[in-house]
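Asks: When you get a sec, could you give me coordinates for this:
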Amino acid sequence: MAEVKQAGGRPVIDYTARDYESLLAQMRAQIPGKLAEWRDFANEADFGNVLLELFAHLGDILSFYQDRVANESYLGTARTRRSVIEHLRLIGYELGTAVPAAAGLALSVPATVGGFVTISKGDAFATKSSKSKPSVRFEYTGDTPLIIGFGGVPVDPKTNRRIFTGVPVEEGRLFAEEVLGVSDGTADQRFPLSHSGLILRPPGVAQTGQDITVVSRLGTTTDLWALQETLAFSQAAQRDFTVRIDDADQATVVFGDDTFGKIPPSGSTIVATYRTGGGVAGNVPPGAIGTIVDAPQLALLGATVANPEAATGGAEREDLDHAVNHAPAVFRSMRRAVTAADYEQIALSFKGVAKVRAVATGWNEVTLYVAPEGGGKVSDVLETNLRSFLEDKRMLSQIVEIADVDYVPVFVTAEVAVESFYVTADVVARVQAAAAELLAFDKVGFNENVYLSRFYDRCQDVPGVIFVNVTEFHRGDRPDPVIEPLGTISMSANEIPVRPQADDYRTGIKVVVVPARPR
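Replies: Numbers count the residues shown, from 1 in each chain. Have a look, this model is predicted:
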C-alpha cells in the first residue's frame, strides 16, 4: 500500500500505486487535515465512508484503463492482437493468416477406364473422421481444370488399376459466388465475408488459384476487381480492393474512394469467391487422405485416392510474439532481398515456411533450404508460391533456387529402472515424451548438435525413475557405432535432427524397463 509522503511541506501521492486499497487509504489519510470534525471515517456504516469506497472503486477502474491504454500504445508492450495489428499496419506489415497444408494425391481407377477425367476447382477429398478427430478437407484449387488422359497411364499388374500421381490439393473449403451486398456508391465501402478464417496470401502468390476473387455485377455487366495489399498506390479509375482481417480472423473487403481506387457503381452487387481453412491440422501423414467427398465424376468411375507423402506447409495464423520480433527485421530490409540474411527474414515472413537457410551458391544465385511447417519436404504448391512471393523482392539478376533440407533421424534406446510404487507404463510414457521433446521440430534448427547428456538429464528428472542407462545413441544413417564415442551427434550446415518416422518402432526414444539394483 502506498504512503503519502511529505515534500516541501506538502503531501506527495505515489501515483504508481492506484489500486482500490491504496486509493482508499490515501483518501482516508487526507481526512484529518481536510475535515477535522470527521472522526468516525473508519465506520463502514458511515455515509462518507461509502462515498470514499465508491471513489476508490471508480479510481481503480480508471487506473486500470489508463494502464491498458499506455501498454497498448507501444508495440513492445501491447498484449491484444487488435493493437499489434494496428501498430504493424503503420509499417505496412500485415499479420499472416493460417496457411493450408498441400499434398499430392495418387488417383487410382479401374483398368477399364481409358478416357479423359477432369478435376475442377473445388473437387474435394478428405481424411477419415473419428470421435476424437474430425476429418480434414482438401480441395483442388487450380483455376484451370486438370484433365487426365488415363489411356496413356499404364495398368499396374499388381492391382489391375491405372494410377495417376501428382494431383495437387490444398486443405480448406471453397465458398463460391457469395453475395456480400450491394454498393451504395459511397467511398470506402466495406463488406464483411460470411465465413471467418480466410486463407489470404500476398497478392500474386497463390499461383494455383487466387485465394479470393471479387466481382461487381450491374445488369449484364460484370467487372473483375484486383486484390492489392494497400489502396495507397491505386489510381482513381483502377478497380482495386484490399482485405482487412481483424483480431477474430473476420475478413472485410474494402473498396476505394475514387481517389485511391474506384468506387463500385451504385446498385451493383458485390460477389466474392474465397477459401477458408489453414492450420497444422492439415499436416496429415502419408495415406491419411482417402475419401472422395465432392467429386462425383470420380466416384462414378470407382476411383480411389491416397496421398503417398505427408501433407506439409500447414501453419496457424501468425502469433503476436513472432510478429513483434520479426516485423522490424522485414521493415529494415525494406522488403528487398540482397544479403542471405534478407532472404531468410523475408522467406520466414511467408506463412508455411518454418525454417530457412539461405546460401549464396553462385555470384548471382541463392539457394534457400526450406523446412515447411510440420517438417517434411517442400510441396510443389509451397515452392511455386514462395518463388512468386520473392519475385518482386529479389535483385533483377538474382536466381533463386529452393531445396529441401536434410532431416537426420536420431535413434535413442534407454534402459530405465522404475520405482515400485509408480505405475511403470506412466513413467515410460513420460520418459519417452521428455526425450522426444528434445527432438521436437520447433526446438531444433540447422547445424545443431545433439548431446547424449541432455537425454540423461531429461530422463533422469522424470518422477519415478531410479536410473537411466542409454544403450543406443546414433544417427539413423549411421548405425555404427551404437553409441557415439563423444556423446555428440554432429550435424552439417544443411541438416536438422528429428525424431524417427511414425512407422518406426523407435519413435522418439525406445525405453526398456529393467529391474532396479538392490540397495
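
Asks: pretty sure Y343 belongs to a helix, no?
Replies: Yes. Looking at Y343 with DSSP: H, G, I helix; E, B strand; the rest coil, it is inside a helix.

Asks: shouldn't it be in contact with A360?
Replies: No. Y343 lies out of contact with A360 (CB atoms under 8 Å); the separation is 9.4 Å. Any C-beta I mention is one placed from the backbone N, CA and C, and that applies to glycine too.

Asks: residues contacting the spatially most central residue of the chain?
Replies: Of all residues in the chain, the one closest to the mean position by CA atoms, centre = their mean is E316, 2.5 Å from it. E316 sits next to 98, 278-280 when contact means CB atoms under 8 Å, 6 or more residues apart in numbering.

Asks: got a markdown table for those residues, with secondary structure, distance to G352 and neighbour count too?
Replies: Shown next, in a markdown table, are the contacts of E316 (DSSP: H, G, I helix; E, B strand; the rest coil; distance: CB to CB, whole Å; neighbours: other CB atoms under 10 Å):
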| residue | secondary structure | distance to G352 | neighbour count |
| --- | --- | --- | --- |
| A98 | coil | 10 | 25 |
| G278 | coil | 9 | 28 |
| G279 | coil | 11 | 19 |
| V280 | helix | 11 | 14 |
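
Asks: More neighbours: which of Y343 and A360?
Replies: Y343 (25 against 13; other CB atoms under 10 Å).

Asks: ok, L35 to V498 distance?
Replies: As judged by CB to CB, to the nearest Å, L35 and V498 stand 73 Å apart.

Asks: The two - which one has more neighbours?
Replies: When neighbours are counted by other CB under 10 Å, L35 and V498 differ, and V498 comes out ahead with 19 against 11.

Asks: Can you tell me how far the more buried one is from K262?
Replies: 51 Å.

Asks: do T144 as well
Replies: From T144 to K262 the distance is 28 Å (CB to CB).

Asks: more neighbours, the two?
Replies: When neighbours are counted by other CB under 10 Å, K262 comes out ahead of the other of T144 and K262, with 22 against 9.

Asks: residue ranges of the strands in the stretch 151-300 of the chain, please?
Replies: In the stretch 151-300 of the chain, the strands defined using DSSP state E, counting those that start in this stretch lie at 155-156, 161-171, 173-182, 190-192, 212-218, 221-227, 240-245, 251-255, 269-276, 289-294.

Asks: give me the low-pLDDT residue ranges for this protein?
Replies: Scanning the chain for pLDDT under 70 picks out the ranges 1-17, 41-42, 202-209, 330, 332-335, 501-509, 516-519.

Asks: longest strand anywhere in it?
Replies: strand 406-418 (DSSP state E).

Asks: mind listing what's buried in that strand?
Replies: 407-414, 416-418 (16 or more other CB atoms under 10 Å).

Asks: Now do the contacts for the nearest residue to V514 once chain neighbours are set aside.
Replies: Excluding the flanking residues, the one nearest V514 by CB to CB, 6 or more residues apart in numbering is E415, at 4.6 Å. E415 is in contact with 468-471, 511-514, counting by CB under 8 Å, 6+ apart.

Asks: out of these, which are inside strands?
Replies: Per DSSP E, strands hold the following members of the contacts of E415: 468-471, 511-513.

Asks: And this protein, what are its domain boundaries?
Replies: 4-72, 102-172+280-306, 173-276, 320-404, 407-513 (automatic domain parsing).

Asks: I'd like to know which of the ones you listed lies nearest to L90.
Replies: Of all the domains of the chain, it is domain 320-404 that lies closest to L90, at 9.9 Å by CB to CB.

Asks: how distant is the closest one from the center of its chain?
Replies: 16 Å (CA atoms, centre = their mean, to the nearest Å).

Asks: And stretch 430-440, by the same measure?
Replies: 23 Å.

Asks: Buried residues of it, list them for me.
Replies: 430-432, 434-435, 438-439.

Asks: again, but for stretch 228-235
Replies: In stretch 228-235, counting by 16+ other CB under 10 Å, buried: 228, 231, 234.
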